[in-house]
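S.K.: Structure for the following, please:
(2 chains)
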Amino acid sequence: MLPGDPLARVLTIDLSAQRFEIAERRDLFEESLGGAGVAARLLDEECPRDADPLGPENPIVFAVGPLVDLFPLASKTVAMFKSPHTGNLGESHAGGRSATSIRLAGYGAIVIRGASPSPTYLVIDGDRVQFHDASALWGLQSSATVGRVLREREAGSGHRSILRIGPAGERRVSYAGVITETYRHFGRLGLGAVFGSKRLKAIVIVGRRSLPVADPVSYRRVYDALYEAATASAAMRKYHDLGTPMNVLPLNELGALPTRNLREARFDGAAAISGEALAEGLLGRRLACSHCPVACIHLAALRTPHPKEPYFYKTSMLAYDYELIYALGSLLGVGNPENLLLLMDEVEAQGLDAISTGVSLAWATEARERRMVSDQDLDGIRLAWGDGVAYRDAVRRIVSQPTDLYHALARGVAAAAAAFGGEEFALAFGGNEMAGYHTGPAGYLGFLVGARHSHLDNAGYAIDQKRLTAGLPAADDAIIDEIVAEEEWRQVLASLVVCFFARGLYAPDVLRDALACAGIEANEARLREIGADTLTRKWAFKRHCGFELASMRLPERIFETPSPSGTIDRSVVKAHLRQFAERTTATPP
Amino acid sequence: MAKRLSILDVDRCVGCQLCIYACARRGGRAGTDGARIDVRSAGGMRRGFVVIVCRACDDPPCARACPVGALVPRDGGGVRVVAGQCTSCGACQAACPFGAIQRDSAGRPLVCVYCGTCARYCPHGVLALEEIERSDDAAR
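M.R.: Okay, the predicted model is just below:
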């Protein structure tokens, strides 16, 4: 680390005492780089073993890394906390301007402890931290309004990040997210509920400064090579043109697009909600995270008539991504793009995680069809495949929780199925609702053994796709090694907070050269060591929270609906899970 | 012929801020401090962005506002800063209707030097360095 680089500074904010302190923690960043690695260490230090995820003892850790603000495509913030959704490791990544603002405010990590007695929002501006009354913001109907108010009220336009929760976080829905810059999210595993439990409505982080580099000449050379590679890359071009929804049609064609609660894996309405159709019919603007040339964020311009007033229209700019199209589209049978966008808008306004919401509603729809839940349980909402309006009404009730069923749905599909039945078609793994990839056994093994039970942990679905293309067997034992190796390498990327979309650009030798510019020496072997150590730490945390691989539930549905890799064999998945369990217990923390 | 930056198409701006980072990098450091160009949302990102950069005025109000003659009009338009003269009073910043004069963390004014580095790193064709043609300008 270079003299004058503020990366090693850790800002700790105590909401209970309304105090803050800044500590120099070179040890953390020297041993674990930043991001996931540093956050895992801070979580270890700060979170008591038996912490209530919604108690003041549960810390929130944000961490960024040495490449942030030096190089493009390294602009993610890693958040860690004990998850109120799964009861173990909570980890969520977001871009926007969060990482660049934290680093330029002069920090490598921020820890938030305690709980405020009344609603609060924080302003972090360099070495100043202000605690502001947020009681007037508490209870606002939409997360977007919170952003609008703070944007007007606080300084730092263009050089700040505004993190906020919606009603779902206030009501502690276990999969409420935190929204940043209107269109990016710490979506998964319930960071929004942890904010809500601390009565923390928002955080504004303002940062503007310069950062040292080891040698300006080599810095420019490494920067230019990365910039050229990023702007010339075909993959990056596709993320720009269509964004992640470019995956809708290929996955549908493959028979891997979960549809109507995965009773099917192809959606007859896929063409209308594909990246191509949305770009041609509705795309209104593209946005980028700070310091990213790609601009993968796609906003649809949706013009809707006023329900009563003639000749009155409103135009909304709504972000769409593949996972939302899957979870709120194909999985619910919603094939009308306007209805799908309005449903996404509601999820956004409430501040919910879209994947968990969609999967929970898909289960509820099937449970209603099977008469396991009544219309009374559903507060009169007649959930039916494709009925976007009914789903919007249900989303609001997940937050307001008028019945026992909605109260259960507010804790996710596993909780709802445990209370009302239908576990065989409740699509969650390790308590986290599944992402949109019914590709084959590696995809599911990836969900099961990923430390966050997220598709992004190890991209098992990509292993299935690679094997399909290469004509290799889907389920041989080698997939375990491939999944572990990928998840370990992703810890390196997540510690350097490199966007996973740019993992191809940031090869080990590129990372070595880039880190040298920040005064950090790390060859590939050292990086892989840090990756493995970070993953071990995350598993140790999970185990301390009582998580056991052996007790994981496998919903029957995934074995019923054929995948592109063929019908998935339960005994093979179980055997792989067993082999993985033996491996992780063999490497104690 | 003098050059200046031109905003070719602000609707193509995605808010990546690569121009800000590029300008700041000219000083041999990373980050954003020292940049002479700014980008901010036009009242929320859903409305797009405004790119704030010196338009090299023919009769620059910033130079007229400077009480110590630290901003000297450049032939063809715009200004150059005479190092050592400036007292960091901020009058130039207040005089620019575009808000195109930034200040560094020490309060010194940062005025575009019309080098075009920002445009070279704009991946979306928003910015360009162009020669100033005064007949065109009069028509604008």
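
S.K.: The lengthiest helix in chain B packs against which elements?
M.R.: Across chain B, the longest stretch assigned as helix under DSSP state H is helix B:18-25. If you count contacts as 3 or more CB pairs under 8 Å, 6 or more residues apart in numbering or on different chains; DSSP states H and E, helix B:18-25 packs onto helix A:216-232, strand B:30-31, strand B:38-41, helix B:117-120. Backbone N, C-alpha and C define where each C-beta goes, glycine included.

S.K.: quick one: buried residues of whatever helix or strand comes next after the third one?
M.R.: Past strand B:38-41, further along toward the C-terminus, the next helix or strand under DSSP states H and E is strand B:49-52. Using 16 or more other CB atoms under 10 Å in any protein chain shown as the burial criterion, the residues of strand B:49-52 that qualify are B:Phe49, B:Val50, B:Val51, B:Ile52.

S.K.: Report the rounded mean pLDDT for strand B:49-52.
M.R.: For strand B:49-52, mean pLDDT is 96.

S.K.: Please identify the buried residues of the helix or strand that that strand is followed by?
M.R.: Per DSSP H and E, the first helix or strand lying C-terminal to strand B:49-52 is helix B:61-65. By 16+ other CB under 10 Å, the buried positions in helix B:61-65 come out as B:Cys62, B:Ala63, B:Ala65.

S.K.: Can you check what pLDDT the model gives the residue lying farthest from the centre of chain A?
M.R.: Distance from the C-alpha centroid of chain A peaks at A:Pro310, with 40.2 Å (CA atoms, centre = their mean). With respect to pLDDT, A:Pro310 scores 94.

S.K.: Wasn't it part of a helix?
M.R.: No. Assessed with DSSP: H, G, I helix; E, B strand; the rest coil, A:Pro310 is coil; it does not lie in a helix.

S.K.: ok, stretch A:492-512 near chain B or not?
M.R.: No. Stretch A:492-512 does not reach chain B (CB under 8 Å from any CB of the partner chain); its nearest approach is 12.4 Å.

S.K.: tell me the average confidence for that stretch?
M.R.: 97.

S.K.: again with stretch A:338-357
M.R.: For stretch A:338-357, the mean pLDDT works out to 98.

S.K.: With stretch A:52-67 instead?
M.R.: Here the average pLDDT along stretch A:52-67 is 98.

S.K.: Any regions of the chain where pLDDT drops low?
M.R.: You didn't pick a chain, so chain A it is. For chain A, applying pLDDT under 70 flags the ranges A:585-589.

S.K.: Sorry, I should have been clearer: chain B.
M.R.: Applying pLDDT under 70 to chain B flags the ranges B:134-140.

S.K.: switch the cut-off to 50
M.R.: By pLDDT under 50, the weakly predicted segments of chain B are B:137-140.

S.K.: Tell me which residue of it lies closest to chain A.
M.R.: Proximity of chain B to chain A (CB to the nearest CB) peaks at B:Arg40, 3.2 Å away.

S.K.: still on that earlier bit, which of the helices and strands packed on helix B:18-25 sits closest to A:Arg303?
M.R.: Nearest of the helices and strands packed on helix B:18-25 to A:Arg303, taken as CB to CB: strand B:38-41 at 21.4 Å.

S.K.: wait, doesn't A:Leu505 sit right on A:Ala229?
M.R.: Yes. Using CB atoms under 8 Å, A:Leu505 is in contact with A:Ala229, at 5.2 Å.

S.K.: between the two, which one's more packed in?
M.R.: Taking neighbours as other CB atoms under 10 Å in any protein chain shown, A:Leu505 and A:Ala229 compare with A:Leu505 leading, 21 against 18.

S.K.: got the contact list for that one?
M.R.: The neighbours of A:Leu505, taking CB atoms under 8 Å, 6 or more residues apart in numbering or on different chains as the test, are A:Leu73, A:Leu226, A:Ala229, A:Ala230, A:Ser233, A:Met236.

S.K.: Determine which two of those residues are furthest apart.
M.R.: Within these, A:Leu226 and A:Met236 form the most distant pair, 11.4 Å apart (CB to CB).

S.K.: No further queries at this time; thank you.
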